[in-house]
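Chemist: structure of the sequence below:
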Amino acid sequence: MKAIFDLPERHTQVLSLLFEKINPAEYLWVLTGSACLRLQGVDVPVNDLDLQTDAASVHLLEEKLSEFMKVPVHIRETEHTLSHHGQAEINGLQVELLGDICHRRADGTWENPLDIKAERLWVEQQGFGIPVIPLAHEAAAYEKMGRSQKAKLIRAAIRKGIL
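Modeler: Numbers count the residues shown, from 1 in each chain. Below is the predicted model of the structure:
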């Protein structure tokens, strides 16, 4: 499908570099977060790029982006999520690496991570096929993180029939 909204120019430039270093045809990753939402028609500002993958691939991405890494990949647990997390900076833009994101259930246990290969969609922007997470999954993830306003915004975009 074609992107609904374009990403800011700087984000597109960094994404182009990411495609050179970690082409999604060779490495398993998807764009998630605000950039993913924007490409699929949710009119939100985009501050950074979030790349979601599995636990094994996050370390491959870290290795391929080693010259840009600011925070090495490590296990990070928050109130709502558990993941392998690292942070790069490319041309002044923050790029988050997220592997095997698990959301906490109401009973305190962790859900299984998303099967990225099975769920990813491809969105075209400026000649790039960009792998993204479907909006319905993004809405559910924001809800699980306690960000219900963002989840409502995403669901409203889905209801408008943008996709």
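Chemist: now do the helices in the protein.
Modeler: 9-21, 33-39, 55-64, 116-119, 135-144, 148-159 (DSSP state H).
Chemist: residues in contact with the residue nearest the centre of the chain?
Modeler: For the chain, the residue nearest the mean C-alpha position is residue 32 (1.9 Å; C-alpha atoms, centre = their mean). Listed by C-beta atoms under 8 Å, 6 or more residues apart in numbering, the contact set of residue 32 reads 50, 51, 52, 98, 132, 133, 138, 141. The C-beta positions use only the backbone N, C-alpha and C, and glycine is treated the same way.
Chemist: pLDDT score for it?
Modeler: As predicted, residue 32 sits at a pLDDT of 95.
Chemist: how near is it to residue 119?
Modeler: Distance, residue 32 to residue 119, by C-beta to C-beta, to the nearest Å: 11 Å.
Chemist: hmm, back to that, would you turn the helices of the chain into TSV with mean neighbour count and distance to residue 27?
Modeler: Listed next are those as TSV, based on neighbours: other C-beta atoms under 10 Å; distance: least, C-beta to C-beta, whole Å:
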stretch	mean neighbour count	distance to residue 27
helix 9-21	16	9
helix 33-39	24	17
helix 55-64	18	6
helix 116-119	13	11
helix 135-144	19	20
helix 148-159	16	26
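Chemist: out of those helices, which gets nearest to residue 106?
Modeler: Across the helices of the chain, residue 106 has its closest neighbour in helix 135-144 (9.8 Å, C-beta to C-beta).
Chemist: what's the angle from the closest one to helix 148-159?
Modeler: With axes from the mean of the first three to the mean of the last three C-alpha atoms, to 10 degrees as the basis, helix 135-144 and helix 148-159 are set at 160 degrees to each other.
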